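Peer 1: give me a 3D structure for the following:
(chains A, B and C)
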Amino acid sequence: MKNKLSIFIEPVFSFLKTIPMGMVATYSLVAKEVGLKSPRNIGWILKQNNTPDIIPCYKVVRSNGKLAEGYKFGGKEEQQRRLENEGIRFNEKGKIINFKNLVT
DNA sequence: ACCATGACTCCAT
DNA sequence: CATGGAGCCATGG
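Peer 2: Residues are numbered from 1 along each chain as shown, chains lettered A, B, ... in the order given. As a prediction, the model looks like this:
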């Protein structure tokens, strides 16, 4: 590839697959995990995902417990559905309840 | 090289 | 708790 972030794509996707059922990761956590500087970069990388049923990019949430706007496959509503399927619950404001289930 | 944009975060108000 | 601004780093025009 000709851009710098592309070399982080596979590491990020691999990490996402290791996140257990019922748990999520924040953008900054994923960034730190693969050695990237800015959480913004993770957003860019997640947009490179073309296989939502193989790469669980829906497991990445914002640090405030809410979902990012730009989930590529049906928006944050679809992302919320996927998370709820794992048992993650949301309040009426769209914020994750018991936002302690982060991976370390 | 300049500028706008983005699936973000932190901190102040 | 909601909002705004600054910081952030890479991409693309």
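
Peer 1: for chain A, which residue gets nearest to DNA strand C?
Peer 2: A:N3 (2.6 Å; CB to the nearest atom of the strand). Using the backbone N, CA and C atoms, a C-beta is placed for each residue, glycine as well.

Peer 1: tally of neighbours for that residue?
Peer 2: 7 (other CB atoms under 10 Å).

Peer 1: ok, it to DNA strand B distance?
Peer 2: 12 Å (CB to the nearest atom of the strand, to the nearest Å).

Peer 1: how about A:Q48?
Peer 2: From A:Q48 to DNA strand B the distance is 9 Å (CB to the nearest atom of the strand).

Peer 1: so that residue touches A:E10, yeah?
Peer 2: No. A:Q48 sits out of contact with A:E10 when judged by CB atoms under 8 Å, with a separation of 10.3 Å.

Peer 1: the two: which is more packed in?
Peer 2: Using other CB under 10 Å as the criterion, A:Q48 and A:E10 rank with A:Q48 on top: 16 against 11.

Peer 1: quick check: closest non-adjacent residue to the more buried one.
Peer 2: In space, and not counting its chain neighbours, A:Q48 is closest to A:I9: 5.5 Å by CB to CB, 6 or more residues apart in numbering.

Peer 1: buried stuff in the helix or strand harbouring the one you found?
Peer 2: Secondary structure assigned from DSSP states H and E places A:I9 in helix A:9-18. Residues of helix A:9-18 classed as buried by neighbour count (16 or more other CB atoms under 10 Å): A:I9, A:V12, A:F13, A:F15, A:L16.

Peer 1: in TSV, list the residues you listed along with distance to DNA strand C.
Peer 2: TSV is the format used below for the buried residues of helix A:9-18 (distance: CB to the nearest atom of the strand, whole Å):
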residue	distance to DNA strand C
A:I9	10
A:V12	13
A:F13	16
A:F15	18
A:L16	19
